[in-house]
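*Asks:* Below is the sequence, then the predicted model.
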Amino acid sequence: MKEKISLEQQLGIMKERLLTAGMNRRDVMKVAAAAAAGAGLSVAGAKSASASAGSGRYSLQKFQDTDEQVIFHYGISFNPTSFDFNLDLYCGAEETVWAGVVQFDENLNAVGDWAETFTPNEDASVWTFNIRQNNTGWSDGNPVTAHDFVWSWTRQLDPASAAPYAGFLFDIKYAEAFNQQTEYAVEGDPLEGQIPTADDLGVKALDDWTLEITCEGPRGFLPQVLGYTASFPSPRWMVEEHGTAWALGGDVPLVSNGPFKLDNWEYDVKIEMSKNENFWDAANIKMDRVVCPITPTANAVLAFEEGSGDARLDWTPLSGADYQRYLDDPELSAQLSPYVYPGLWMLLPSNGIPPFDLLEVRQAVSHAIDRERLVTITNGLVTPGYCMVPQGVFGFLDDPALQEIQNYDPEAAVAALAGTEFEGGQNWPEITMWMRANEEIYNADVMANDIADQLQQVLGMTVSIQPVPLDSFSGQLYENQWQLVFIRWWLDYPDPNNVYSDMFYSRKATGRRQAWSNDQFDDLVLDGKAEADPAKRLEIYLEAEKVIQGDVGYMPLVFRLDQYVFKPWVKGVPVNDQGYQVPDGNIYIGMNRLTSIEGREN
């Protein structure tokens, strides 16, 4: 793990990257002063404002002369429900059949994808995205235009769609009021007191190739939001002709606009893709085919080591147990590739369901868990976390005071129950902790069992663990009926808004992951969105962190660290500025645009 980054260092990194990314000084000042997005966001505008994303790292490389370029790709652990990310972010399909206006590079900067360039106005409240002209980017040969994004985002925000991730786009002007069908409450606005319509939304196609987005205020991080999977478009003509069948494979070919296209979806077995020759950067993509075996995470390492045919993997992350095995073997250890993954594990106690409706119980639990034990049992594949944003991402809060709010203190945990019916660890009702199933490769099972053991030891609390299949986890979570949830949050984009707002902001009609709600916290989240100064943004998020931790709306536990292994014939895995190889994950999904296969042995 890298050394902690101070506020001064974070701001220094941001300024340096802005000035070295190729953006002219005028746009640097506009984004730095008004956008307030931190390092990754600022470079987002910088790279794309100065040059086509087709330049730089997307250079032509010699293909392998004889063998077909095919990779057996890790990432699909259960049968998807569809390929409709526009309507259902958690459909579980392979993301690389899609592409947005921007994408993330290996340093988690937002750079141009279907938008060749993008620029903000003076205060970053209006953004213009220039779509690559005269393309035939959809896999059926239709052009990708600004109208595709307007229609798709309107579809996602339409309350009739009931899209659980609609709140992701609430930075678009009038989006929240339209989605929730409430009167717009901004004083002096032309729509004050009215319920906005779809035509009022602040997303417009000025022509086929010019997309203009008006935000609720300064939103310097908007390119980062639009780089995430939830912002991918869908083909209107296919949706309107085929209904839900358009994204289910089978008799209706999937029409998509990404670097790869779907060739075959064999349910519960595999997903096969090939290069989309209509994609804007197809000439620079070396991979001909991508095979994604549908492999439960518990079996991923076995598929990497012993898999055959289409049931093999060319790369995988390692669980703590497998990591130790690789460390102990000189030959295997040479394959290890570390990566500091931007992700957090946490507990969500429902403050509406006994016994967690009592603040004293939530406080007791927050003091009863030793984070260092979680580090030990995962063989160092996590590190203690005391805030929402991991180290290395703008928004990490290196404040010693935060470590005291929910520090491990068994005596304080027991004392918190004094005067309640649970004093002395007595009279506990049945308690269930819910979690995603089949995530052993992320050490979820060993951590969950240890958390339950610690609560039993310190508080006398017996906790049953209930794993939920991935394809139904999110829908049940949104019902807010679970007592206690052990949950991970892999960042969608590298900005604090992604956690404070997308995860915990409670004033939304769909997609709420917890029952906890606090007006002061929600107000601070809105302030953080609109603040133009990066240092002041961090001050706002520090205050928000103190509010939610003080009321124990959540309990941050550990940040994720990863160890990956790659077959030696996988070449060109991108390397970030810190020297880590960067495979596909939740933010970055561009690995197979760059990799090639050389000298495959099986």
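*Replies:* Thanks, I have the structure now.
*Asks:* all contacts plus neighbour counts: C-alpha atoms, from now on.
*Replies:* OK.
*Asks:* So what's the residue count around residue 240?
*Replies:* 10 (other CA atoms under 10 Å).
*Asks:* do the same with residue 521
*Replies:* Neighbours around residue 521, by other CA under 10 Å: 23.
*Asks:* so it touches residue 547, yeah?
*Replies:* Yes. When contacts are counted by CA atoms under 8 Å, residue 521 is listed as touching residue 547 (6.3 Å).
*Asks:* Residue 428 in helix, strand or coil?
*Replies:* coil (DSSP: H, G, I helix; E, B strand; the rest coil).
*Asks:* my read: it touches residue 456, true?
*Replies:* No. With contact defined as CA under 8 Å, residue 428 does not reach residue 456; the gap is 10.9 Å.
*Asks:* okay, and the common contacts of the two?
*Replies:* residue 462 (CA atoms under 8 Å, 6 or more residues apart in numbering).
*Asks:* tell me the contacts of the most centrally placed residue in the chain?
*Replies:* In the chain, the centroid-proximal residue (CA atoms, centre = their mean) is residue 492; its distance is 2.0 Å. Taking CA under 8 Å, 6+ apart, we find residue 492 in contact with 225, 228, 498, 586, 587.
*Asks:* now these as TSV including secondary structure and pLDDT?
*Replies:* As requested, these are exported to TSV (DSSP: H, G, I helix; E, B strand; the rest coil; pLDDT from 0 to 100):
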residue	secondary structure	pLDDT
225	helix	96
228	coil	96
498	helix	95
586	coil	94
587	coil	96
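*Asks:* Return the member of the residues you listed nearest to residue 292.
*Replies:* residue 586 (16.2 Å; CA to CA).
*Asks:* Make sure that closest one is actually in contact with residue 489.
*Replies:* No. Between residue 586 and residue 489 there is no contact under CA under 8 Å: 9.8 Å.
*Asks:* The residue of the chain positioned farthest from its centre: what secondary structure?
*Replies:* Computed with CA atoms, centre = their mean, the residue of the chain farthest from its C-alpha average is residue 419, at 41.3 Å. Secondary structure of residue 419, reduced to three states by three-state DSSP: coil.
*Asks:* what are the ranges of the helices in the stretch 151-300 of the chain?
*Replies:* 175-180, 222-226, 236-242, 300-306 (DSSP state H, counting those that start in this stretch).
*Asks:* Save the ones you listed as JSON lines, and put in distance to residue 509 too.
*Replies:* Below are those laid out as JSON lines (distance: least, CA to CA, whole Å):
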{"stretch": "helix 175-180", "distance to residue 509": "6"}
{"stretch": "helix 222-226", "distance to residue 509": "20"}
{"stretch": "helix 236-242", "distance to residue 509": "24"}
{"stretch": "helix 300-306", "distance to residue 509": "37"}
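*Asks:* On the three-state scheme, the closest residue to residue 167 other than its chain neighbours is what?
*Replies:* Nearest residue to residue 167, sequence neighbours excluded (CA to CA, 6 or more residues apart in numbering): residue 508, at 6.6 Å. Assigned by three-state DSSP, the conformation of residue 508 is coil.
*Asks:* neighbours around residue 508, how many?
*Replies:* 17.
*Asks:* same check, this time on residue 102
*Replies:* 29.
*Asks:* Sketch out the strands for the stretch 51-200 of the chain, chain order is fine.
*Replies:* 70-72, 102-104, 110-112, 115-120, 126-131 (DSSP state E, counting those that start in this stretch).
*Asks:* Remind me what the last one packs against, helices and strands.
*Replies:* For strand 126-131, the contact count by 3 or more CA pairs under 8 Å, 6 or more residues apart in numbering; DSSP states H and E identifies strand 115-120, strand 210-214 as packing neighbours.
*Asks:* Check the first one too.
*Replies:* For strand 70-72, the packing partners by 3+ CA pairs under 8 Å, 6+ apart come out as strand 289-293.
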